[in-house]
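Novice: how does the following fold in three dimensions:
(one chain, ligands or ions: 2)
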Amino acid sequence: MRMTILASGSKGNSTIVASAHTRLLIDAGLSCRELLKRMALAGEDPAALDAILITHEHQDHIAGLATLARRLRIPVFITEPTHRAWVRMVTPRTTMTYAKWLNHIQKEKELRADVAAISSHSVILPQNEVTGKDPRIAPLPAPADATHPDLCQPLSEVDASTDPDPDECDDPAPGPKRDPAFLPAVEYFHSGTNFSIGDISITPFTIPHDAADPCGFVFESQSESVRMAIATDLGYMPPNVKSALKRIDVLLLESNHDLEMLRDGPYPWAVKQRVLSRVGHLSNYATAEFLSRDYDGCATWIVLGHLSESNNAPELALLAAEQAVQGRMRLLGNRVLLAQQSAPLAPICL
Ligand SMILES: [Zn+2]
Ligand SMILES: [Zn+2]
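Specialist: Ligands and ions are numbered 1, 2, ... in the order given. Predicted structure coming up:
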């Protein structure tokens with residue numbers, strides 16, 4: 001089994017988990033072109049991917065999803081609340097003034113009157129069945145954290161420097177192309193309920209984070225007896241996450257910020273509060289606390305991910321985690337790596 005981390009951090013997250021027969025992409029938080037470029041750099045064949053799995057709808061996890069899924073024509077596994085939240089985010093919002101709305105209603109009335117006059121059997125439908133949504137209802141606001149780089153980013157910012165290359169990422173389906181939320185196939189899963197893709201068994205688990213229905217994953221290849229897990233974007237370590245992360249061989253774990261750097265750093269106070277909150281991100285300290293108190297010492301590799309560029313230093317995250325796992329019984333295990341934002345990490349194979 002292998003894990004290839006293509007990108008990790010607030011500007012984009014994407015990881016491949018593969019067994020001998022199945023290859024999964026977890027999150028697609030870079031543009032399609034950048035994802036394909038990184039797969040090439042890491043020696044991963046995009047055409048061999050079987051599915052895309054999504055942890056949550058923040059842009060740093062989902063920015064390239066639609067284009068990549070259409071390009072590769074593979075199914076997307078996602079929870080229903082996350083899918084709904086994403087569809088709301090990518091669907092263009094139309095607004096109507098009150099005067100235009102009154103005019104629209106008048107025209108609808110006239111149309112129904114005409115239809116009723118033509119057919120004596122016609123049934124006049126309630127207005128909402130004829131017109132769909134009431135245009136007076138305000139569209140749902142964008143997620144409150146959509147502007148901060150360490151939480152998530154608007155799509156335009158993520159994609160600004162990496163416009164899709166028509167040769168690589170042009171949408172092959174002209175019809176659905178007009179619908180920004182079109183995906184070739186969507187499969188819903190529920191956190192806490194195990195499911196399988198090919199020969200990989202997947203257990204999604206709920207994580208505390210400011211998204212619709214965020215989750216982490218445990219992957220297990222029965223034939224290879226290897227377990228891998230991804231746990232980033234969580235405000236703290238609740239009991240369900242601690243128990244999900246038992247007997248893991250390769251663990252991608254968040255180590256987002258150094259508490260002092262965050263406190264003294266450039267962020268506005270409200271943003272600092274959100275990062276520190278119980279639905280924010282794990283600090284180096286919280287990660288080290290988990291590793292020293294609750295972690296079972298089973299991993300061959302621990303990969304620290306989702307490091308903040310403004311509020312963390314790689315050496316601080318590494319030092320805290322290495323100190324926390326010191327003294328573990330397994331001499332060959334517990335090696336700590338740092339995932340990168342700007343380049344893929346070499347595949348970790350077990
Ligand atoms: Zn997030
Ligand atoms: Zn994130």
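
Novice: CA atoms for contacts and neighbours, from now on please.
Specialist: Fine.

Novice: skip the chain neighbours and tell me the closest residue to the one residue sitting closest to the centre of the chain.
Specialist: Nearest residue to the geometric centre of the chain (C-alpha atoms, centre = their mean): His61, 3.3 Å. Excluding its sequence neighbours, the residue lying closest to His61 (C-alpha to C-alpha, 6 or more residues apart in numbering) is Gly29, at 3.8 Å.

Novice: secondary structure element holding the one you found?
Specialist: Under DSSP states H and E, no helix or strand contains Gly29.

Novice: output the below-cut-off pLDDT ranges for the stretch 201-350 of the chain.
Specialist: Applying pLDDT under 70 to the stretch 201-350 of the chain flags residues 329-331.

Novice: strands along that one, start to end?
Specialist: Counting by DSSP state E, counting those that start in this stretch, the segments of the stretch 201-350 of the chain that form strands are 215-221, 226-231, 250-254, 301-305, 335-338, 348-349.

Novice: using a markdown table, lay out the ones you listed together with distance to Ser201.
Specialist: Shown next, in a markdown table, are the strands of the stretch 201-350 of the chain (distance: least, C-alpha to C-alpha, whole Å):
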| stretch | distance to Ser201 |
| --- | --- |
| strand 215-221 | 5 |
| strand 226-231 | 9 |
| strand 250-254 | 15 |
| strand 301-305 | 20 |
| strand 335-338 | 25 |
| strand 348-349 | 18 |
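
Novice: select, out of the ones you listed, the one closest to Arg84.
Specialist: Checking these against Arg84 by C-alpha to C-alpha gives strand 215-221 as the closest, at 15.2 Å.

Novice: each with direction, which strands does that closest one pair with?
Specialist: Sheet pairing of strand 215-221 (DSSP bridges) gives strand 200-206 (antiparallel), strand 226-231 (antiparallel).

Novice: in TSV: those strands, plus mean neighbour count and distance to Arg88.
Specialist: Formatted as TSV, the strands paired with strand 215-221 follow (neighbours: other C-alpha atoms under 10 Å; distance: least, C-alpha to C-alpha, whole Å):
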stretch	mean neighbour count	distance to Arg88
strand 200-206	21	22
strand 226-231	24	25
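
Novice: let me have these in a markdown table, adding distance to Ile16 as columns.
Specialist: Formatted as a markdown table, the strands paired with strand 215-221 follow (distance: least, C-alpha to C-alpha, whole Å):
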| stretch | distance to Ile16 |
| --- | --- |
| strand 200-206 | 12 |
| strand 226-231 | 11 |
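
Novice: count the residues that sit near the residue nearest to His61.
Specialist: 33 (other C-alpha atoms under 10 Å).

Novice: and it, what does it touch?
Specialist: Lys11, Gly12, Asn13, Ser14, Gln59, Asp60, His61, Ile62, Ala63, Gly64, Leu65 (C-alpha atoms under 8 Å, 6 or more residues apart in numbering).

Novice: swap in 6 Å and give it another go.
Specialist: Shown in contact with Gly29 (C-alpha atoms under 6 Å, 6 or more residues apart in numbering): Gly12, Asn13, Ser14, Asp60, His61, Ile62, Ala63, Gly64.

Novice: wait, the third one touches Thr4, no?
Specialist: No: counting by C-alpha atoms under 6 Å, Ser14 does not reach Thr4; the two are 8.8 Å apart.

Novice: of the two, give the one with the bigger neighbour count.
Specialist: Between Ser14 and Thr4, counted using other C-alpha under 10 Å, Ser14 has the larger neighbour count: 27 against 22.

Novice: how close does that one get to Gln341?
Specialist: According to C-alpha to C-alpha, to the nearest Å, Ser14 and Gln341 sit 10 Å apart.

Novice: go on, Thr67?
Specialist: For Thr67, the distance to Gln341 - C-alpha to C-alpha - is 21 Å.

Novice: and for Glu57?
Specialist: Glu57 sits 19 Å away from Gln341, going by C-alpha to C-alpha.

Novice: neighbour count winner among those two?
Specialist: Set side by side, Glu57 and Gln341 show more neighbours around Glu57, with 27 against 22, by other C-alpha under 10 Å.
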